[in-house]
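no FASTA, just this:
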Ligand SMILES: [Zn+2]
Ligand SMILES: [Zn+2]
């Protein structure tokens, strides 16, 4: 049983709210959170009350064909905290021991990034960014900024970011982007070894192929709405010999996320723009949807 101390609102939560994602109502959202252990079941061995922890929301059965082949993200009995079972937008939440990771002295606000960072690590592993690569990241929301940092850690020598929001674009520059474009049109086509979409906006996703070099890699990372379409030039996809990846959640990448945050190799200290009380959850969603303010990550602090 975890007393939730920081719980991030994610674009996926907005999809869940609109019925565009998996899971059914009623559900308590919140799949990016950290807090204190306050009670443990009789068979729990790794934790005791007082431990500071983050949660990996994906719950795999460990017993189906996909789980037995280390594809736990495609578990045939997949459940997720905050998606199909009650999540961290609450004062307390009970989760299985295997979903819990010790964060030591990491601030709770940083611990709430363990989940999004683990998804980013999984995506970048799939895209296989190599030393010397030129990378383009489309979208500089919190996920785009995490992708930028992991791409640099993998050895990318230049990371360009495309972002329309001027504040987000400026922030990407301070976080190490070599080039920031306000419009995809300002970037060279067929120029990048790896292009990553972090918007999930169909029209934007449809344009990403233009920017991948021949033989390069395209990673569609952002979550698009359900039953929507991406429109690629099929001949261009063929002629370029592009490797196309998608990335669904993560496969046990939370430990890596914890140590990257603890070591500050990934820095999330400036990624949180708003911290609100639990009663202000709807306002938090509103802030994200309108994007009017200099919004980065909005977190709910249920104990305030
Ligand atoms: Zn999320
Ligand atoms: Zn399974």
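Structure's in. What do you need? These numbers come from a predicted model, not from an experiment. Numbers count the residues shown, from 1 in each chain. Ligands and ions are numbered 1, 2, ... in the order given.

count the neighbours of the closest residue to residue 260 other than its chain neighbours for me.
Take residue 260 and drop its neighbours on the chain: the residue closest to it by Cβ to Cβ, 6 or more residues apart in numbering is residue 266, 4.3 Å away. C-betas here are computed from N, CA, C, even on glycine. Residues near residue 266, counting by other Cβ atoms under 10 Å, number 23.

for residue 266, grab phi and psi.
Here is the backbone geometry of residue 266 (degrees, to the nearest 10): phi -110, psi 120.

can you give me the helices in the stretch 201-304 of the chain?
All helices of the stretch 201-304 of the chain, identified by DSSP state H, counting those that start in this stretch, fall at 202-208, 234-240, 254-262, 281-290.

what does the longest helix along the chain contact?
If you go by DSSP state H, the chain has its longest helix at helix 114-127. Helix 114-127 is contacted from outside by 8, 10, 31-34, 54-57, 73, 101, 103, 142-143, 146-147, 150-151, 154, 194, 196, 217, 219, 221, 245, 247, 249-251, 253-254, 256-258, 260-261, 266, 268, using Cβ atoms under 8 Å, 6 or more residues apart in numbering.

and the residue nearest the centre of the chain, what pLDDT?
Computing the C-alpha centroid of the chain and ranking residues by Cα atoms, centre = their mean puts residue 116 first, at 3.1 Å. pLDDT, residue 116: 97.

measure it to residue 207 for me?
For residue 116, the distance to residue 207 (Cβ to Cβ, to the nearest Å) stands at 24 Å.

cool, residue 219 as well?
As for residue 219, its distance to residue 207 is 15 Å (criterion: Cβ to Cβ).

who has more neighbours, those two?
Neighbour totals were compared for residue 219 and residue 207, and residue 219 leads with 26 against 19 (other Cβ under 10 Å).

from memory residue 37 sits against residue 2, does it?
Yes: the pair residue 37 and residue 2 qualifies as a contact (Cβ atoms under 8 Å) at a distance of 6.0 Å.

which one is residue 48 nearest to, not counting chain neighbours?
Nearest one to residue 48, counting by Cβ to Cβ, 6+ apart, is residue 40 at 6.1 Å.

residues near that neighbour, how many?
Neighbour count for residue 40, taken as other Cβ under 10 Å: 16.

quick check, it in contact with residue 50.
No: counting by Cβ under 8 Å, residue 40 does not reach residue 50; the two are 10.5 Å apart.

overlap in contacts of these two?
Taking Cβ under 8 Å, 6+ apart as the contact rule, residue 40 and residue 50 touch no residue in common.

the longest helix of the chain versus helix 254-262: what angle between them?
110 degrees (axes from the mean of the first three to the mean of the last three Cα atoms, to 10 degrees).

after the worst-scoring helix or strand of the chain on mean pLDDT, which helix or strand is next?
Using mean pLDDT, DSSP states H and E, helix 11-17 stands out as the lowest-scoring helix or strand of the chain, at a mean of 87. Helices and strands here follow DSSP states H and E; after helix 11-17, the next one along the chain is strand 33-37.
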